[in-house]
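In: no sequence on hand, only this structure:
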């Protein structure tokens with residue numbers, strides 16, 4: 001339970017869903033956790049500290065470069081180091097491309113893709129100076145297979161996979177590992193309002209015959225941020241209950 005002892009990790013999207021689960025798992029494994037989000041981040045940080053861990057909450061709008069710089073500066077002032085970044089923050093959609101508005105497309109790219117770009121751009125100089133670092137970017141099954149009514153979401157997550165692979169090659173020789181994790185359909189607040197019929201469709205489409213849990217995605221993110229994963233970089237780890245293998 002101490003695979004990240006002595007490490008500091010910045011987790012975006014830590015206010016809810018997968019990001020919150022990642023933050024908790026990192027805290028249990030001994031990391032000092034920077035819980036970053038636009039809301040809910042203070043609650044997550046308090047839950048970690050109440051459980052005996054070390055954490056702070058930081059407000060972060062991932063679509064704004066200045067917000068990233070402030071969050072990383074706060075991290076360095078508070079903990080004096082940064083060892084891992086988990087880019088979990090993201091937004092969903094469900095719309096036919098004909099009905100997709102330009103404003104909605106731009107927002108999707110600003111959060112899901114530009115947010116990952118800003119995160120890597122901001123933390124990599126610290127990792128280079130330190131001579132080590134881990135980055136895990138959340139993508140999606142939609143980056144690998146065609147799913148209905150997800151045009152801008154699929155594009156943004158496909159970009160996350162491609163950018164993660166490219167940047168991983170640039171920094172592989174500097175002891176910095178960069179990977180993506182692509183979840184399938186996961187039980188998060190995003191699914192709270194779907195119909196029973198749609199839930200059944202998702203379940204039936206998954207060979208494991210169930211939806212995934214946030215802690216199962218968090219476990220993969222955690223693994224990729226440990227020393228056990230030092231020889232893994234530039235990969236997109238698909239955690240989808242077998243959906244993409246059909």
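Out: Good, I have the coordinates. Just so we're clear, the structure is a prediction, and the values are computed from it rather than from any experiment.
In: quick check: residue 10 is in a helix.
Out: No - the assignment for residue 10, made by DSSP: H, G, I helix; E, B strand; the rest coil, is strand rather than a helix.
In: quick check: the gap between it and residue 230.
Out: Residue 10 sits 20 Å away from residue 230, going by Cβ to Cβ, to the nearest Å. Yep, even glycine has a C-beta here, placed from its N, CA and C like the rest.
In: those two: who's more crowded?
Out: More neighbours surround residue 10 than the other of residue 10 and residue 230, with 30 against 11 (other Cβ atoms under 10 Å).
In: report all helices and strands that the helix ranked longest in the chain contacts.
Out: Looking across the chain with DSSP state H, the single longest helix is helix 151-171. For helix 151-171, the elements it packs on are helix 102-108, helix 114-130, strand 133-138, strand 176-183, strand 236-239, judged by 3 or more Cβ pairs under 8 Å, 6 or more residues apart in numbering; DSSP states H and E.
In: what's in contact with the shortest one?
Out: Spelled out, that is strand 236-239. Residues from elsewhere that reach strand 236-239 (Cβ atoms under 8 Å, 6 or more residues apart in numbering): 139, 141, 143-144, 161, 164-165, 179-184, 212, 216-217, 220, 224, 244.
In: could you do the longest one as well?
Out: By Cβ under 8 Å, 6+ apart, the residues outside helix 114-130 that reach it are 10, 12, 62-65, 68-69, 72, 76, 81-83, 85, 87, 89-90, 133, 135, 137, 160, 163-164, 167, 171, 174, 176, 178.
In: what comes up buried for that helix?
Out: Residues of helix 114-130 classed as buried: 114-120, 122-124, 126-127 (neighbour count, 16 or more other Cβ atoms under 10 Å).
In: which residue is most remote from the mean position of the protein?
Out: Most distant residue from the mean C-alpha position of the chain: residue 98, 28.8 Å away (Cα atoms, centre = their mean).
In: list the contacts of it.
Out: Taking Cβ under 8 Å, 6+ apart, one finds nothing in contact with residue 98.
In: please settle this for me: is it part of a helix?
Out: Yes - judged by three-state DSSP, residue 98 forms part of a helix.
In: just the buried ones from the contacts of helix 114-130?
Out: Among these, the ones that count as buried by 16+ other Cβ under 10 Å are 10, 12, 62-63, 65, 68, 72, 82-83, 85, 87, 89-90, 133, 135, 137, 160, 163-164, 167, 171, 176, 178.
In: for the residue most central in space within the chain, give its distance to residue 216.
Out: For the chain, residue 88 is the residue whose C-alpha lies nearest the centre (Cα atoms, centre = their mean; 2.2 Å). Using Cβ to Cβ, one obtains 14 Å as the distance from residue 88 to residue 216.
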